[in-house]
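Student: Any chance you can model this:
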Amino acid sequence: MSILIDRTKKVIVQGITGREGVARTRLMKEYGTQVVAGCTPGKGGDEVLDVPVYDTVAECVAVRGAVDVSVIFVPAPLVKDAALEAVAAGVPFLVIVPDRVPLHDVLEISRAAKERGAVFLGPNTLGCLSPDQAVAGMMGGRVESARAFFKAGPVGVSSRSGGMTSSIAYYLSRSGIGASTIVHVGGDPLVGLPHPDVVTRFQDDPATEAIVLFGEIGTSQEEQVADLMEAGRVTKPVIAYIGGKGAREGTRFSHAGAIIEGGRGTREGKIERLKAAGARVVEDFDDIPGATGEILRAIGIETGSPRIEERTT
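Tutor: Residues are numbered from 1 along each chain as shown. Have a look, this model is predicted:
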(Lines give C-alpha, C1' and ligand atoms only; values in the text may rest on other atoms or scores of the structure.)
Protein backbone atom coordinates (compact mmCIF):
# COMPACT_ATOMS: atom_id res chain seq x y z
CA MET A 1 0.00 0.00 0.00
CA SER A 2 1.06 3.61 -0.44
CA ILE A 3 -0.36 7.05 0.22
CA LEU A 4 -1.59 9.60 -2.33
CA ILE A 5 -0.45 7.83 -5.53
CA ASP A 6 -0.21 4.28 -6.85
CA ARG A 7 -0.62 2.48 -10.17
CA THR A 8 -4.40 2.19 -9.76
CA LYS A 9 -4.97 5.96 -9.67
CA LYS A 10 -6.28 7.60 -12.85
CA VAL A 11 -4.31 10.78 -13.51
CA ILE A 12 -4.90 13.76 -15.78
CA VAL A 13 -2.40 16.50 -16.60
CA GLN A 14 -3.57 20.10 -16.86
CA GLY A 15 -1.23 22.00 -19.14
CA ILE A 16 -0.14 18.79 -20.86
CA THR A 17 0.75 20.51 -24.15
CA GLY A 18 3.35 22.84 -22.62
CA ARG A 19 7.05 22.02 -22.44
CA GLU A 20 6.92 20.93 -18.80
CA GLY A 21 3.64 19.13 -19.32
CA VAL A 22 5.07 17.03 -22.13
CA ALA A 23 8.31 16.24 -20.30
CA ARG A 24 6.65 15.28 -17.02
CA THR A 25 3.89 13.32 -18.71
CA ARG A 26 6.63 11.24 -20.30
CA LEU A 27 8.20 10.65 -16.88
CA MET A 28 4.90 9.67 -15.31
CA LYS A 29 3.83 7.33 -18.11
CA GLU A 30 7.21 5.61 -18.35
CA TYR A 31 7.34 5.11 -14.59
CA GLY A 32 3.95 3.39 -14.62
CA THR A 33 1.49 6.14 -13.72
CA GLN A 34 -1.93 5.68 -15.32
CA VAL A 35 -2.16 8.98 -17.22
CA VAL A 36 -5.56 8.81 -18.90
CA ALA A 37 -5.92 12.31 -20.36
CA GLY A 38 -4.67 15.86 -20.52
CA CYS A 39 -6.36 19.25 -20.58
CA THR A 40 -5.37 22.45 -22.38
CA PRO A 41 -7.99 24.99 -23.48
CA GLY A 42 -8.11 25.21 -27.27
CA LYS A 43 -6.11 22.00 -27.75
CA GLY A 44 -9.00 19.55 -27.51
CA GLY A 45 -8.63 16.71 -29.99
CA ASP A 46 -4.83 16.70 -29.91
CA GLU A 47 -2.69 13.93 -28.44
CA VAL A 48 0.48 14.11 -26.35
CA LEU A 49 2.48 10.90 -26.08
CA ASP A 50 -0.67 8.98 -27.08
CA VAL A 51 -2.63 10.71 -24.31
CA PRO A 52 -5.87 12.38 -25.53
CA VAL A 53 -6.21 16.09 -24.85
CA TYR A 54 -9.47 17.85 -23.92
CA ASP A 55 -10.36 21.51 -23.64
CA THR A 56 -11.70 21.25 -20.09
CA VAL A 57 -11.52 18.93 -17.11
CA ALA A 58 -15.31 18.58 -17.17
CA GLU A 59 -15.18 17.35 -20.76
CA CYS A 60 -12.39 14.96 -19.87
CA VAL A 61 -14.39 13.48 -16.99
CA ALA A 62 -17.53 13.25 -19.10
CA VAL A 63 -15.69 11.21 -21.76
CA ARG A 64 -13.10 9.28 -19.71
CA GLY A 65 -14.99 8.85 -16.46
CA ALA A 66 -13.98 9.87 -12.96
CA VAL A 67 -10.31 10.57 -12.34
CA ASP A 68 -8.38 10.43 -9.09
CA VAL A 69 -5.56 12.95 -9.55
CA SER A 70 -4.88 16.10 -11.55
CA VAL A 71 -1.28 17.24 -11.92
CA ILE A 72 -1.13 20.93 -12.79
CA PHE A 73 1.60 22.36 -15.04
CA VAL A 74 0.36 25.83 -15.96
CA PRO A 75 1.86 29.30 -15.34
CA ALA A 76 1.37 30.55 -11.77
CA PRO A 77 -1.25 33.20 -12.68
CA LEU A 78 -3.42 30.46 -14.23
CA VAL A 79 -3.11 27.95 -11.38
CA LYS A 80 -6.18 29.15 -9.49
CA ASP A 81 -8.52 28.73 -12.45
CA ALA A 82 -7.04 25.33 -13.31
CA ALA A 83 -7.33 24.07 -9.73
CA LEU A 84 -10.87 25.37 -9.25
CA GLU A 85 -11.86 23.75 -12.54
CA ALA A 86 -10.50 20.39 -11.42
CA VAL A 87 -12.16 20.60 -8.01
CA ALA A 88 -15.50 21.56 -9.59
CA ALA A 89 -15.23 18.52 -11.88
CA GLY A 90 -14.90 16.25 -8.86
CA VAL A 91 -11.16 15.52 -8.89
CA PRO A 92 -10.31 14.61 -5.26
CA PHE A 93 -6.52 15.16 -5.29
CA LEU A 94 -4.50 17.88 -7.02
CA VAL A 95 -0.73 18.20 -7.38
CA ILE A 96 0.08 21.88 -7.90
CA VAL A 97 3.64 21.98 -9.21
CA PRO A 98 4.22 25.69 -10.07
CA ASP A 99 5.80 28.12 -7.64
CA ARG A 100 4.99 31.83 -7.18
CA VAL A 101 1.26 31.13 -6.94
CA PRO A 102 -0.30 34.19 -5.23
CA LEU A 103 -1.21 33.54 -1.61
CA HIS A 104 -4.80 34.72 -2.02
CA ASP A 105 -5.17 32.27 -4.92
CA VAL A 106 -4.01 29.42 -2.68
CA LEU A 107 -6.58 30.48 -0.08
CA GLU A 108 -9.34 30.32 -2.69
CA ILE A 109 -8.18 26.89 -3.84
CA SER A 110 -8.07 25.70 -0.23
CA ARG A 111 -11.59 26.91 0.47
CA ALA A 112 -13.02 25.29 -2.66
CA ALA A 113 -11.17 22.03 -1.98
CA LYS A 114 -12.57 21.82 1.57
CA GLU A 115 -16.10 22.46 0.31
CA ARG A 116 -15.76 19.60 -2.18
CA GLY A 117 -13.83 17.21 0.05
CA ALA A 118 -10.68 17.47 -2.08
CA VAL A 119 -7.03 17.91 -1.07
CA PHE A 120 -4.00 19.29 -2.85
CA LEU A 121 -0.24 18.98 -2.67
CA GLY A 122 1.80 22.14 -3.15
CA PRO A 123 2.04 24.74 -4.56
CA ASN A 124 5.74 24.68 -5.35
CA THR A 125 6.06 20.90 -5.12
CA LEU A 126 7.87 18.15 -6.98
CA GLY A 127 4.88 15.96 -6.19
CA CYS A 128 4.86 12.47 -4.74
CA LEU A 129 6.20 9.07 -5.72
CA SER A 130 5.49 5.56 -4.53
CA PRO A 131 8.46 3.37 -5.59
CA ASP A 132 7.63 0.72 -8.17
CA GLN A 133 4.07 2.12 -8.31
CA ALA A 134 3.59 5.60 -9.76
CA VAL A 135 4.71 9.22 -9.64
CA ALA A 136 2.52 12.33 -9.71
CA GLY A 137 4.51 15.41 -10.61
CA MET A 138 8.17 15.65 -11.54
CA MET A 139 10.05 13.75 -8.83
CA GLY A 140 13.07 11.95 -10.21
CA GLY A 141 13.27 14.12 -13.32
CA ARG A 142 13.76 11.21 -15.72
CA VAL A 143 12.44 7.68 -15.47
CA GLU A 144 15.98 6.22 -15.38
CA SER A 145 16.80 8.31 -12.31
CA ALA A 146 13.50 7.61 -10.61
CA ARG A 147 13.92 3.86 -11.01
CA ALA A 148 17.55 3.92 -9.90
CA PHE A 149 17.20 6.26 -6.92
CA PHE A 150 13.92 5.24 -5.30
CA LYS A 151 13.42 1.75 -3.88
CA ALA A 152 10.31 0.35 -2.21
CA GLY A 153 10.37 -0.22 1.52
CA PRO A 154 8.87 0.61 4.94
CA VAL A 155 9.82 4.28 5.39
CA GLY A 156 7.57 7.24 4.58
CA VAL A 157 9.40 10.41 3.59
CA SER A 158 7.88 13.87 4.06
CA SER A 159 9.99 16.88 3.13
CA ARG A 160 9.67 20.63 2.76
CA SER A 161 12.64 20.82 0.39
CA GLY A 162 12.39 19.56 -3.18
CA GLY A 163 16.05 18.71 -3.60
CA MET A 164 16.33 17.13 -0.17
CA THR A 165 13.25 14.99 -0.79
CA SER A 166 15.03 13.12 -3.55
CA SER A 167 18.32 13.10 -1.66
CA ILE A 168 16.78 11.49 1.42
CA ALA A 169 15.21 8.69 -0.60
CA TYR A 170 18.44 8.19 -2.55
CA TYR A 171 20.67 7.91 0.51
CA LEU A 172 18.19 5.68 2.31
CA SER A 173 18.20 3.41 -0.74
CA ARG A 174 22.01 3.34 -0.79
CA SER A 175 21.86 2.19 2.83
CA GLY A 176 19.47 -0.64 1.99
CA ILE A 177 16.32 1.15 3.17
CA GLY A 178 13.36 1.64 0.84
CA ALA A 179 10.43 4.03 0.96
CA SER A 180 6.66 3.47 0.97
CA THR A 181 5.89 6.92 -0.46
CA ILE A 182 8.03 10.02 -0.92
CA VAL A 183 6.25 13.36 -0.55
CA HIS A 184 7.42 16.91 -1.16
CA VAL A 185 4.84 18.98 0.70
CA GLY A 186 5.88 22.18 -1.11
CA GLY A 187 8.07 25.15 -0.35
CA ASP A 188 5.51 27.92 0.08
CA PRO A 189 4.24 29.32 3.40
CA LEU A 190 0.74 27.94 2.76
CA VAL A 191 0.44 24.45 1.28
CA GLY A 192 -2.43 22.04 0.89
CA LEU A 193 -0.94 19.01 2.65
CA PRO A 194 1.68 20.15 5.17
CA HIS A 195 3.78 17.81 7.29
CA PRO A 196 1.06 17.01 9.88
CA ASP A 197 -1.39 15.85 7.19
CA VAL A 198 1.21 13.72 5.43
CA VAL A 199 2.51 12.21 8.67
CA THR A 200 -0.98 11.16 9.78
CA ARG A 201 -1.49 9.48 6.41
CA PHE A 202 1.74 7.57 6.96
CA GLN A 203 0.55 6.66 10.46
CA ASP A 204 -2.56 5.09 8.92
CA ASP A 205 -0.65 3.33 6.13
CA PRO A 206 0.09 -0.33 6.96
CA ALA A 207 3.07 -0.34 4.58
CA THR A 208 4.84 2.42 6.52
CA GLU A 209 6.74 1.47 9.66
CA ALA A 210 8.75 4.64 10.27
CA ILE A 211 8.64 8.26 9.08
CA VAL A 212 11.52 10.47 7.99
CA LEU A 213 10.82 14.17 8.26
CA PHE A 214 12.90 16.88 6.57
CA GLY A 215 11.91 20.13 8.23
CA GLU A 216 13.03 23.71 7.90
CA ILE A 217 12.77 26.99 9.70
CA GLY A 218 9.54 28.93 9.31
CA THR A 219 5.88 27.93 9.75
CA SER A 220 4.77 25.60 12.56
CA GLN A 221 4.51 22.35 10.59
CA GLU A 222 7.12 20.49 12.61
CA GLU A 223 5.70 21.67 15.93
CA GLN A 224 2.29 20.40 14.83
CA VAL A 225 3.82 16.99 14.14
CA ALA A 226 5.17 17.05 17.69
CA ASP A 227 1.66 17.86 18.94
CA LEU A 228 0.29 14.83 17.10
CA MET A 229 2.96 12.62 18.63
CA GLU A 230 2.25 13.86 22.14
CA ALA A 231 -1.48 13.35 21.61
CA GLY A 232 -0.91 9.74 20.54
CA ARG A 233 -2.22 10.34 17.02
CA VAL A 234 1.21 9.50 15.60
CA THR A 235 2.88 6.53 17.27
CA LYS A 236 5.24 5.30 14.56
CA PRO A 237 8.90 6.28 14.95
CA VAL A 238 9.80 9.69 13.54
CA ILE A 239 13.33 10.52 12.41
CA ALA A 240 13.74 14.25 11.79
CA TYR A 241 16.29 16.67 10.45
CA ILE A 242 15.71 20.45 10.59
CA GLY A 243 17.53 22.60 8.06
CA GLY A 244 18.47 26.24 8.52
CA LYS A 245 21.24 25.99 11.10
CA GLY A 246 22.80 29.32 10.10
CA ALA A 247 19.60 31.30 9.62
CA ARG A 248 18.67 34.33 11.72
CA GLU A 249 15.42 36.26 12.19
CA GLY A 250 14.26 37.83 8.93
CA THR A 251 16.39 35.45 6.87
CA ARG A 252 14.85 33.43 4.08
CA PHE A 253 16.32 29.95 3.86
CA SER A 254 15.93 28.15 0.53
CA HIS A 255 12.40 29.30 -0.34
CA ALA A 256 9.44 31.40 0.67
CA GLY A 257 8.10 29.02 3.31
CA ALA A 258 11.35 28.96 5.26
CA ILE A 259 11.70 32.29 7.01
CA ILE A 260 11.98 33.17 10.69
CA GLU A 261 9.74 36.03 11.77
CA GLY A 262 9.34 37.45 15.25
CA GLY A 263 11.33 34.62 16.83
CA ARG A 264 8.83 32.02 15.61
CA GLY A 265 9.69 28.99 13.50
CA THR A 266 13.28 28.71 14.70
CA ARG A 267 15.37 25.63 14.15
CA GLU A 268 16.10 25.32 17.87
CA GLY A 269 12.44 25.54 18.82
CA LYS A 270 11.46 22.86 16.33
CA ILE A 271 14.22 20.51 17.48
CA GLU A 272 13.26 20.99 21.12
CA ARG A 273 9.58 20.27 20.45
CA LEU A 274 10.26 17.18 18.34
CA LYS A 275 12.73 15.74 20.83
CA ALA A 276 10.30 16.31 23.70
CA ALA A 277 7.63 14.45 21.73
CA GLY A 278 9.92 11.44 21.23
CA ALA A 279 11.28 11.98 17.73
CA ARG A 280 14.84 11.01 16.87
CA VAL A 281 16.33 14.31 15.70
CA VAL A 282 19.68 14.10 13.92
CA GLU A 283 22.12 16.99 13.80
CA ASP A 284 23.59 16.24 10.39
CA PHE A 285 21.78 15.30 7.20
CA ASP A 286 24.21 12.43 6.61
CA ASP A 287 23.01 10.82 9.86
CA ILE A 288 19.49 10.17 8.54
CA PRO A 289 20.13 6.71 6.99
CA GLY A 290 22.04 5.41 10.01
CA ALA A 291 19.45 6.63 12.51
CA THR A 292 16.62 5.24 10.38
CA GLY A 293 18.31 1.86 10.12
CA GLU A 294 18.85 1.71 13.90
CA ILE A 295 15.20 2.46 14.58
CA LEU A 296 13.95 -0.08 12.05
CA ARG A 297 16.14 -2.80 13.52
CA ALA A 298 14.99 -1.85 17.01
CA ILE A 299 11.37 -2.53 16.02
CA GLY A 300 12.30 -5.81 14.37
CA ILE A 301 12.56 -4.76 10.73
CA GLU A 302 15.67 -5.82 8.88
CA THR A 303 17.16 -3.52 6.27
CA GLY A 304 18.82 -4.55 3.04
CA SER A 305 22.51 -4.53 2.28
CA PRO A 306 24.03 -1.14 1.45
CA ARG A 307 24.49 -0.54 -2.26
CA ILE A 308 28.09 -0.40 -3.37
CA GLU A 309 28.79 2.01 -6.18
CA GLU A 310 31.10 0.86 -8.92
CA ARG A 311 34.23 2.99 -9.21
CA THR A 312 36.45 3.52 -12.19
CA THR A 313 40.06 4.54 -11.98
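
Student: Hmm, G265 and S220 touching each other?
Tutor: Yes - the pair S220 / G265 is scored as a contact, 6.7 Å apart, by C-beta atoms under 8 Å. The way it works is simple: take the backbone N, C-alpha and C, and place the C-beta from them, glycine included.

Student: These two: who's more crowded?
Tutor: G265 (25 against 17; other C-beta atoms under 10 Å).

Student: pLDDT score assigned to that one?
Tutor: Here the pLDDT value assigned to G265 is 76.

Student: Identify the residues contacting the longest strand seen in the chain?
Tutor: If you go by DSSP state E, the chain has its longest strand at strand 152-159. With C-beta atoms under 8 Å, 6 or more residues apart in numbering as the test, strand 152-159 has contacts from 3, 130-133, 165, 168-169, 172, 177-185, 195, 198-199, 202, 205, 207-214, 292, 296, 301, 304.

Student: three-state assignment of F214?
Tutor: Assigned with DSSP: H, G, I helix; E, B strand; the rest coil, F214 falls in the strand class.

Student: wait, I meant V53
Tutor: The three-state label given to V53 by three-state DSSP is strand.

Student: and it, how many neighbours does it have?
Tutor: With other C-beta under 10 Å as criterion, V53 counts 21.

Student: Looks to me like V135 is in a strand.
Tutor: Yes - V135: assigned to a strand according to three-state DSSP.

Student: quick one, helices of the protein?
Tutor: Here the chain has its helices, by DSSP state H, at 19-31, 57-64, 76-88, 103-116, 143-149, 162-174, 195-203, 221-230, 267-277, 288-298.

Student: How far does the fourth one sit from its chain's centre?
Tutor: Translated: helix 103-116. 19 Å (C-alpha atoms, centre = their mean, to the nearest Å).

Student: Can you tell me what sits against that helix?
Tutor: Residues from elsewhere that reach helix 103-116, judged by C-beta under 8 Å, 6+ apart: 79-80, 83-84, 87-88, 90, 94, 96, 118-120, 123, 188-192.

Student: Quick check: can you list the domain ranges of this protein?
Tutor: By the assignment in automatic domain parsing, the chain contains the domains 1-125, 151-303.

Student: what's the closest of those to R142?
Tutor: Proximity to R142 (C-beta to C-beta) singles out domain 1-125 among these, at 6.4 Å.

Student: one step back: filter the contacts of strand 152-159 down to the buried ones and hand me the PyMOL line.
Tutor: Command for PyMOL, covering only those of the contacts of strand 152-159 found buried under the criterion 16 or more other C-beta atoms under 10 Å:
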select buried, resi 3+130+131+133+165+168+169+172+177+178+179+180+181+182+183+184+185+195+198+199+202+205+207+208+209+210+211+212+213+214+292+296
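
Student: Around T235, how many other residues sit close by?
Tutor: 10.

Student: Please name the residues that touch it.
Tutor: 203, 229.

Student: Can you tell me how far it is from A210?
Tutor: 11 Å (C-beta to C-beta, to the nearest Å).

Student: same question, G156
Tutor: Taking C-beta to C-beta, one finds G156 at 7 Å from A210.

Student: now do Q34
Tutor: 29 Å.

Student: swap in R174?
Tutor: On the measure of C-beta to C-beta, R174 and A210 end up 17 Å apart.

Student: same check, this time on T165
Tutor: Separation of T165 from A210 (C-beta to C-beta) stands at 16 Å.

Student: S305 too?
Tutor: Distance of S305 to A210, given as C-beta to C-beta: 19 Å.

Student: All set, thanks.
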